[in-house]
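> Please find the sequence and the predicted model below.
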Amino acid sequence: MITVATSSPEETAVLATTLAETAEPGDLLVLVGDLGAGKTAFSKAYGKALGVDERMTSPTFTLARQYEGRLTLHHLDVYRLEQMSEVLDLDLPDLLESGGVVLIEWGDAIMPMLPQDFLEIRFTFGEGDDDRSIEIRPVGPRWCGREETLSALGGQVGESSC
């Protein structure tokens, strides 16, 4: 696990940009954190770094949006899902096989329904208004195989989950 401290939305955007530069078709990113912790800001910066020109918004009410860039970005927000069975309607396996990247806000809510191959990005508030602690945890062979690349993000490297 890698922990990165940021003190502004711009620093969070730099982290998102760095991660997007390593994006590969089929990647799944699961964003976790309280309301206002930076998930959507991260998502927008990630999309911009993938070459998405369209204005990105949180798909809270639509659940899913698709954006075109270097890779297709499937941006999901599962905050409003009421039952686990609703995850099936999102057709996650097809999205992952589409050759794009899937980024899920509030992904911890559906963790049991996810394939066990994703990058968990957990946002927690720090002491200052814009301070964040961002934990990056690789899960599964796709991400554990890129642990060295992830460690180049800087921050504090903790115990490996691989």
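Here it is on my side, so go on.

> which residue is nearest the middle of this protein?
Central residue of the chain (Cα atoms, centre = their mean): Leu29, 3.6 Å from the mean position.

> partner residues bridging it?
Beta-bridge partners for Leu29, by DSSP bridges, are Leu103, Leu119.

> residues contacting it?
By Cβ atoms under 8 Å, 6 or more residues apart in numbering, the contact set of Leu29 is Leu19, Tyr46, Val101, Val102, Leu103, Ile104, Phe118, Leu119, Ile121. In short, each C-beta sits where N, CA and C put it, glycine included.

> how does it look with 10 Å?
Contacts for Leu29 (Cβ atoms under 10 Å, 6 or more residues apart in numbering) come out as 16, 19-20, 23, 42-43, 46, 73, 75, 101-105, 107, 118-121, 136, 143.

> Could you report the separation of it from Glu68?
For Leu29, the distance to Glu68 equals 18 Å [Cβ to Cβ, to the nearest Å].

> Give me the below-cutoff pLDDT ranges for the chain.
Scanning the chain with the threshold set as pLDDT under 70 gives 58-62, 80-91, 155-157.

> Which other helices and strands does the biggest helix by length in it contact?
When the chain is parsed with DSSP state H, its longest helix is helix 9-21. Packing contacts for helix 9-21, counted by 3 or more Cβ pairs under 10 Å, 6 or more residues apart in numbering; DSSP states H and E, involve strand 2-6, strand 28-33, helix 39-49, strand 101-105, strand 118-125, strand 132-139, helix 147-151.

> quick one, phi/psi of Arg65?
Torsion angles at Arg65 (phi, psi; degrees, to the nearest 10) stand at phi -140, psi 150.

> what pairs with it across the strands?
On the basis of DSSP bridges, Arg65 is bridged to His75.
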